[in-house]
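Participant: The following comprises the amino acid sequence and a computationally predicted model.
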Amino acid sequence: MITLEVRRSELITPGFSRVTLGGPGVRDLVPGGADQAVRLFFTREGQSELRMPTASNEAWMVQVMLMPKAARPWVRNLTVRRLRAAEREIDIEFALHGDSPMTSWVRRVRPGDPAGIFDLGTMYRPSEHARGRLLVGDETALPAILSILEKDPDPPPTEVFVEVAATADVRPVPVPGGVHIHWLSRDDASLRPGARALEAVRDCELPAGPLYAWVAGESQLATGVRRHLVNDRGVPKRDISFYGYWRLGRSAPG
Ligand SMILES: Cc1cc2nc3c(=O)[nH]c(=O)nc-3n(C[C@H](O)[C@H](O)[C@H](O)COP(=O)(O)OP(=O)(O)OC[C@H]3O[C@@H](n4cnc5c(N)ncnc54)[C@H](O)[C@@H]3O)c2cc1C
């Protein structure tokens, strides 16, 4: 459990904010891979201090749940977009939506506000024999996808499908040759998050294999892409990393 403080925050596009957290505790975060994630603890509205659990094993959740609600922090999973060890800083990029606990916190943070993190590790582990790569995600997976792309200067042929809520959230991303980013925006609020990305993957020409696929985002996007790759494209399950980052209609626990 590492306690940090907010150094700064900025709006990247209308639907994304970057919050920089810093402090001596950053040295205890062992860099763990391109899509390294953390549990982020932050205050509820009206709380003046952040009460962090102390247990580093799964008992932390019990500790949080036993706190009276008025003293309990919110807990959400986020990706470490950038780690700057020398400056003792990390950046996290938040996909803003509605007035959820996470979005409300991001909109009200000020430099000096407390926040805590707990390392969750990484999921991106390309198979050694892979000759092509597929990266798929919705807006919650964009920070991880950008981090994966940044950390691989000499990538294999890669097709990237990223769905964002609105066209205004599409941003220029410099990529090396052989990497193609396909931006998909929902714009129409009645579309289910992830549906456009899933459809685009179904219709796409995959890079020549053997393939390594990484997919994350709304749970039906993650499972839908995996099912399609296994059943319709013959990709072995072991060559697919998939993670339901969130579930439509369900709040994250904690
Ligand atoms: C390993 C991992 C890494 C992640 N990295 C990031 C990251 O870097 N950036 C990021 O923004 N998210 C990331 N997420 C997803 C994030 O944890 C969830 O979106 C989380 O539910 C947001 O909490 P909340 O307080 O906004 O909403 P919640 O209180 O959890 O949910 C409230 C409502 O909003 C819905 N909802 C949740 N997220 C979204 C969304 N993005 N768009 C529309 N509706 C939504 C829920 O279905 C629910 O109905 C990651 C998740 C995991 C597991």
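Facilitator: Looks like it came in fine.
Participant: ok, what's across the strand from Ala115?
Facilitator: Leu4 (DSSP bridges).
Participant: show me what contacts it?
Facilitator: Neighbour list for Ala115: 3-6, 19, 21, 40-42, 50 [criterion: Cβ atoms under 8 Å, 6 or more residues apart in numbering]. Every C-beta, even on glycine, is put in place using the N, C-alpha and C of the backbone.
Participant: mind giving me JSON lines with the residues you listed and columns for distance to His129, neighbour count and pLDDT?
Facilitator: Listed next are these as JSON lines, based on distance: Cβ to Cβ, whole Å; neighbours: other Cβ atoms under 10 Å; pLDDT from 0 to 100:
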{"residue": "Thr3", "distance to His129": "42", "neighbour count": "15", "pLDDT": "95"}
{"residue": "Leu4", "distance to His129": "39", "neighbour count": "24", "pLDDT": "98"}
{"residue": "Glu5", "distance to His129": "44", "neighbour count": "16", "pLDDT": "97"}
{"residue": "Val6", "distance to His129": "43", "neighbour count": "20", "pLDDT": "98"}
{"residue": "Val19", "distance to His129": "38", "neighbour count": "23", "pLDDT": "98"}
{"residue": "Leu21", "distance to His129": "38", "neighbour count": "29", "pLDDT": "98"}
{"residue": "Leu40", "distance to His129": "35", "neighbour count": "24", "pLDDT": "97"}
{"residue": "Phe41", "distance to His129": "39", "neighbour count": "26", "pLDDT": "97"}
{"residue": "Phe42", "distance to His129": "41", "neighbour count": "24", "pLDDT": "97"}
{"residue": "Leu50", "distance to His129": "45", "neighbour count": "19", "pLDDT": "96"}
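Participant: Around the ligand, pick out the residues from the chain.
Facilitator: Within the chain, the residues that sit near the ligand (Cβ under 6 Å from any ligand atom) are 37, 76-79, 93-95, 97, 100-103, 120, 139-140, 143, 193, 243, 245-252.
Participant: Then Thr223 would be within a helix, right?
Facilitator: Yes: per DSSP: H, G, I helix; E, B strand; the rest coil, Thr223 lies within a helix segment.
Participant: Return the residues in contact with it.
Facilitator: So Thr223 contacts 242, 244 (Cβ under 8 Å, 6+ apart).
Participant: heads up, I number from 677, so please use that
Facilitator: Right, with 677 as the first residue, what we last looked at is Thr899.
Participant: and it, how far is that from the ligand?
Facilitator: Counting by Cβ to the nearest ligand atom, to the nearest Å, the separation of Thr899 from the ligand is 14 Å.
Participant: Need the pLDDT of that residue.
Facilitator: We note a pLDDT of 98 for Thr899 in this prediction.
Participant: now do Arg903
Facilitator: 98.
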